[in-house]
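# sequence and predicted structure, then a few things I'm wondering about:
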2 protein chains.
Amino acid sequence: MSDGSAPALAPAIILVRPQLSENIGTTARAMLNCGLTDLRLVAPREDWLSDRAVAAASGADRVLLAARRFDTTAEAVADLTRVWATTARDRYMVKPVDTPRQAANVIRGLEAEGQRCGVLFGPERTGLENDDVALADTVLTVPLNPDYTSLNLAQAVLLIAYEWYQAEAPDSLPAMTKGARDTGPAPKEKLIAFFEHLERELDACGFLRVPDKRPVMIRNIRNIFQRAHLTGQEIQTLHGIVHELVTFRLRKGA
Amino acid sequence: MSDGSAPALAPAIILVRPQLSENIGTTARAMLNCGLTDLRLVAPREDWLSDRAVAAASGADRVLLAARRFDTTAEAVADLTRVWATTARDRYMVKPVDTPRQAANVIRGLEAEGQRCGVLFGPERTGLENDDVALADTVLTVPLNPDYTSLNLAQAVLLIAYEWYQAEAPDSLPAMTKGARDTGPAPKEKLIAFFEHLERELDACGFLRVPDKRPVMIRNIRNIFQRAHLTGQEIQTLHGIVHELVTFRLRKGA
């Protein structure tokens, strides 16, 4: 996306008659979070390069600087092959309805075929007019708490951009933090050596003194540490803890 | 959720030392959009019922009014059994990492078993401190454009709340073997009490004697036991182990 080669396709975000320049700025931020940069503005009421907009963009000004202005929604979607219209209300139009996740998967599939897609968002207070919705192929509705569906403009953009971004690389994070990857999980022999150390000391101090209970207690204690998926460094720490707890009092008593 | 019957479980959102009351308001709005209402504030800098906060909540003031304030992160998570810590940076701690979608599915599964979960969010500029992260079981990182990961606090809350709302409660998700389910995972306050017991003894015996290393050693030790998802019974066993290891030699010496 930033390697200087021809950019991969990504959906255009089209704000129709946005009221507040600050919301254009926060939209730019939400877009860039998810790798989107094609921002289109239909008859915005305020200047999208205002100080308020740039401050709200919080470092994503490159999206604002590249934004394009259009007089009409029709012009703004002219080069696109598939368009979604975000609405919260039912428009009594016969149109398919997608969730953001469904739309994201369709967009990815179309982009793989070289098609350009876009998503329309209406003015903050009123939402899209029916004539704008009629320019879209599909309605896009975010499933939200039916008691409270009032979604800020940039938050609606974020959810849709986020789903698009996840659709590319779903759940591809490493399963552990880097700290764990660096040292790696310990081989079981190290874990078992720690178990033997701990159990030796628990025998010595009388913790395992009831013969009938000893096997189940040992299994329970081993299970605690098995579940932690310990690294070698952590096992060293645990050896140290047991050793120090035991010997300090001995030194003190001696 | 609003039918007057006992509310279904939903995760707590815990803002640790939030700086701006406006962000608390927008967080409340993002929560209510996705049916979340349990907002907890650890030492917030500003009044979360300020005019700015209420205006930013945009009709979600019921979440602000019900928010609870805590002095410490430990107190805020005391009644929870599973906690995630949102971080963008790698903390070089040994902890599992979830995406929002993975975390949402795990939370739904645990809630189906009656467990209470929560997600920690750090201050706007700095994020969570490592000592806060050490109180969590799992790190939560939102996969975003690596060139621009700066996510507004309320937007981070929204993405996680949204994934929770989209996720289905599973019919039955065996998060643990039956042995663990029988006694159930311990609430965090019991785990923290064990940490304090262990650290008191480690201070006494000199294991933590190097002041520069003490904080990171404590975090590493806490992370070991966080990962084990201990039951109340297991925590009792660990208390017993520490106590016996320490006192036996003393008795012998005496």
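That came through, no problem.

# use CA for all of it now, contacts and neighbours both
OK.

# now whichever strand or helix holds A:Val106: buried residues?
Under the criterion of DSSP states H and E, A:Val106 resides in helix A:100-112. Buried positions in helix A:100-112, judged by neighbour count with 16 or more other C-alpha atoms under 10 Å in any protein chain shown: A:Pro100, A:Arg101, A:Ala103, A:Ala104, A:Asn105, A:Val106, A:Ile107, A:Arg108, A:Leu110, A:Glu111.

# can you list the low-confidence ranges for the stretch 1-150 of chain A?
For the stretch 1-150 of chain A, the stretches flagged by pLDDT under 70 are A:1-7, A:89-94.

# now do the helices in it.
Using DSSP state H, counting those that start in this stretch, the helices found in the stretch 1-150 of chain A span residues A:21-33, A:51-57, A:61-65, A:73-76, A:100-112, A:130-133.

# and what of the stretch 151-254 of chain A?
Under DSSP H, counting those that start in this stretch, the stretch 151-254 of chain A gives helices at A:153-168, A:178-183, A:188-205, A:214-227, A:232-253.

# point out the most buried one among these.
Among those, helix A:153-168 has the highest mean neighbour count (mean count of other C-alpha atoms under 10 Å in any protein chain shown), at a mean of 22.

# circling back: what's the least confident stretch among the helices of the stretch 151-254 of chain A?
Among these, helix A:178-183 has the lowest mean pLDDT, at a mean of 54.

# now the buried residues of helix A:100-112 in JSON lines, with distance to chain B?
Output for the buried residues of helix A:100-112, formatted as JSON lines (distance: C-alpha to the nearest C-alpha, whole Å):
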{"residue": "A:Pro100", "distance to chain B": "11"}
{"residue": "A:Arg101", "distance to chain B": "10"}
{"residue": "A:Ala103", "distance to chain B": "15"}
{"residue": "A:Ala104", "distance to chain B": "15"}
{"residue": "A:Asn105", "distance to chain B": "16"}
{"residue": "A:Val106", "distance to chain B": "18"}
{"residue": "A:Ile107", "distance to chain B": "18"}
{"residue": "A:Arg108", "distance to chain B": "16"}
{"residue": "A:Leu110", "distance to chain B": "21"}
{"residue": "A:Glu111", "distance to chain B": "18"}
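
# same list (those residues) but as TSV, adding distance to A:Leu140.
Shown next, in TSV, are these (distance: C-alpha to C-alpha, whole Å):
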residue	distance to A:Leu140
A:Pro100	7
A:Arg101	10
A:Ala103	7
A:Ala104	10
A:Asn105	13
A:Val106	12
A:Ile107	12
A:Arg108	15
A:Leu110	16
A:Glu111	18
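
# nearest to B:Glu199, of those?
Nearest to B:Glu199, judged by C-alpha to C-alpha, of the buried residues of helix A:100-112 is A:Arg101 at 46.7 Å.

# ok, the closest one - contacts?
A:Ile160, A:Glu163, A:Trp164, A:Ala167 (C-alpha atoms under 8 Å, 6 or more residues apart in numbering or on different chains).

# what's the answer for A:Ile24, then?
Counted by C-alpha under 8 Å, 6+ apart, A:Ile24 has contacts A:Pro18, A:Trp48, A:Ala53, A:Ala57, A:Leu64, A:Ala154.

# keep only those residues that also lie close to chain B.
When C-alpha under 8 Å from any C-alpha of the partner chain is taken as the criterion, no member of the contacts of A:Ile24 contacts chain B.

# closest to chain B among those?
Using C-alpha to the nearest C-alpha, A:Ala154 comes nearest to chain B of these, at 8.9 Å.

# can you tell me the closest non-neighbouring residue to that closest one?
Sequence neighbours aside, A:Thr27 is the residue nearest to A:Ala154 in space, at 4.4 Å (criterion: C-alpha to C-alpha, 6 or more residues apart in numbering or on different chains).

# quick check: the one you found touching A:Val157?
Yes: between A:Thr27 and A:Val157 there is a contact under C-alpha atoms under 8 Å: 6.4 Å.

# now do the same end-to-end measure for stretch A:223-237.
End-to-end distance of stretch A:223-237 (C-alpha to C-alpha, to the nearest Å): 18 Å.

# how about it, does it get close to chain B?
Yes: judged by C-alpha under 8 Å from any C-alpha, stretch A:223-237 comes into contact with chain B through A:Ile224, A:Phe225, A:Gln226, A:Arg227, A:Ala228, A:His229, A:Leu230, A:Glu234, A:Thr237.

# spatially central residue in chain A, please.
A:Tyr162 (6.5 Å; C-alpha atoms, centre = their mean).

# quick check: closest non-adjacent residue to that residue.
A:Cys34 (5.7 Å).

# may I have the phi/psi pair for the one you found?
Per-residue torsions, A:Cys34: phi -110, psi 20 (degrees, to the nearest 10).

# ok, it touching A:Ile160?
No: the pair A:Cys34 / A:Ile160 is not scored as a contact, 9.4 Å apart, by C-alpha under 8 Å.

# still on that earlier bit, got the CA positions of the helix holding A:Val106 in PDB?
The C-alpha trace of helix A:100-112 is given here as PDB (Å, rounded to 0.1, in the frame of the first residue of the first chain):
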ATOM      1  CA  PRO A 100     -20.500  -4.300   6.800                       C
ATOM      2  CA  ARG A 101     -18.900  -7.800   6.900                       C
ATOM      3  CA  GLN A 102     -21.000  -9.000   3.900                       C
ATOM      4  CA  ALA A 103     -20.200  -5.900   1.900                       C
ATOM      5  CA  ALA A 104     -16.500  -6.200   2.700                       C
ATOM      6  CA  ASN A 105     -16.300  -9.700   1.400                       C
ATOM      7  CA  VAL A 106     -18.100  -8.700  -1.800                       C
ATOM      8  CA  ILE A 107     -15.900  -5.600  -2.300                       C
ATOM      9  CA  ARG A 108     -12.800  -7.800  -1.900                       C
ATOM     10  CA  GLY A 109     -14.100 -10.200  -4.500                       C
ATOM     11  CA  LEU A 110     -14.900  -7.400  -7.000                       C
ATOM     12  CA  GLU A 111     -11.600  -5.700  -6.400                       C
ATOM     13  CA  ALA A 112      -9.800  -9.000  -7.200                       C
END
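
# and that helix with helix A:153-168, angle?
60 degrees (axes from the mean of the first three to the mean of the last three C-alpha atoms, to 10 degrees).

# which residues touch stretch A:75-94?
A:14, A:40-42, A:70, A:103, A:115-122, A:127-128, A:130, A:132-133, A:135-142, A:149.

# likewise for stretch A:128-137?
When contacts are defined by C-alpha under 8 Å, 6+ apart, stretch A:128-137 is touched by residues A:16, A:73-74, A:82-87, A:91, A:95-96, A:120-122, A:139.

# between the buried residues of helix A:100-112, which is closest to A:Ile192?
Nearest to A:Ile192, judged by C-alpha to C-alpha, of those is A:Arg101 at 46.1 Å.

# distance of the closest one from A:Ala57?
Per C-alpha to C-alpha, A:Arg101 is found 25 Å from A:Ala57.

# again with A:Ile241
Separation of A:Ile241 from A:Ala57 (C-alpha to C-alpha): 50 Å.

# ok, now A:Leu110?
A:Leu110 is 29 Å from A:Ala57, where distance means C-alpha to C-alpha.

# what do you get for A:Phe248?
58 Å.

# please apply the same query to A:Tyr165.
19 Å.

# and if you look at A:Glu189?
Applying C-alpha to C-alpha, the value for A:Glu189 to A:Ala57 is 53 Å.

# swap in A:Leu144?
According to C-alpha to C-alpha, A:Leu144 stands 26 Å off from A:Ala57.

# for A:Ala28, same thing?
According to C-alpha to C-alpha, A:Ala28 and A:Ala57 sit 6 Å apart.
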